[in-house]
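# Got a sequence here, can you model it:
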Amino acid sequence: MSKSLEANVDESKVLGWIKKIGTEPSASVPLLQEIQSEYGYLPREAMEIVIKNSAITSSQLYGVATFYSQFRLKPIGRHLIKVCHGTACHVRGADRLDTSVEHALGLKKGQDTALDGSYTVEQVACVGCCSLAPVMVVDDKVLGDLTGATAKRALKAHAKENDEKLQN
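Numbers count the residues shown, from 1 in each chain. The predicted structure is shown next:
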């Protein structure tokens, strides 16, 4: 998904977006969307370029970036796993999927990305596949009717197909 774990920010691109979108605080969301679209997250360096070259303050920009769940301040892994926690998935065991995926990736409490940068896991409100609950999406592949064990097997199969390694 992301180009690499740490982005090399192209200052001329960021300045181009500022020129195109604007320098006022109302331009914060579209500027952040452009940055994240390019880098997969919001690199500190890109945020600093916006702050230095616009009327947007640091607290305004970081306030917007942390308020909206669409924005990420940390790099994501090469593959993104979304575990659905909508009502149907929650009732049918989404928490077991979380546990299995975290175990397979070797994630510690509060960690969402594998140390090797292969996978990032996130909880999402709904993926719109309630009849398949519980569901997880790996990259763009929807996997449903999962248990903890089948989620782990599906993740192992994905890792093998993509030449990635899992902890377990």
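# What residue spans form the domains of the chain?
Segmentation of the chain into domains, based on automatic domain parsing, reads 11-67, 79-161.
# Quote the end-to-end distance of the last one.
For domain 79-161, the first-to-last residue distance is 12 Å (Cα to Cα, to the nearest Å).
# and it, how far out from the chain's middle?
In terms of Cα atoms, centre = their mean, to the nearest Å, the centre of domain 79-161 is found 13 Å from the chain centre.
# before we move on, what about the first one?
Averaging C-alpha coordinates over domain 11-67 and over its chain gives two centres that are 18 Å apart (Cα atoms, centre = their mean).
# I'd like the mean pLDDT over that domain, please.
Mean per-residue pLDDT for domain 11-67: 96.
# Which residue is most remote from the mean position of this structure?
Distance from the centre of the chain peaks at residue 55, with 28.1 Å (Cα atoms, centre = their mean).
# what residues are up against that residue?
23-25 (Cβ atoms under 8 Å, 6 or more residues apart in numbering). The way it works is simple: take the backbone N, C-alpha and C, and place the C-beta from them, glycine included.
# would you say it is within a helix?
No: assigned with DSSP: H, G, I helix; E, B strand; the rest coil, residue 55 falls outside any helix and is coil.
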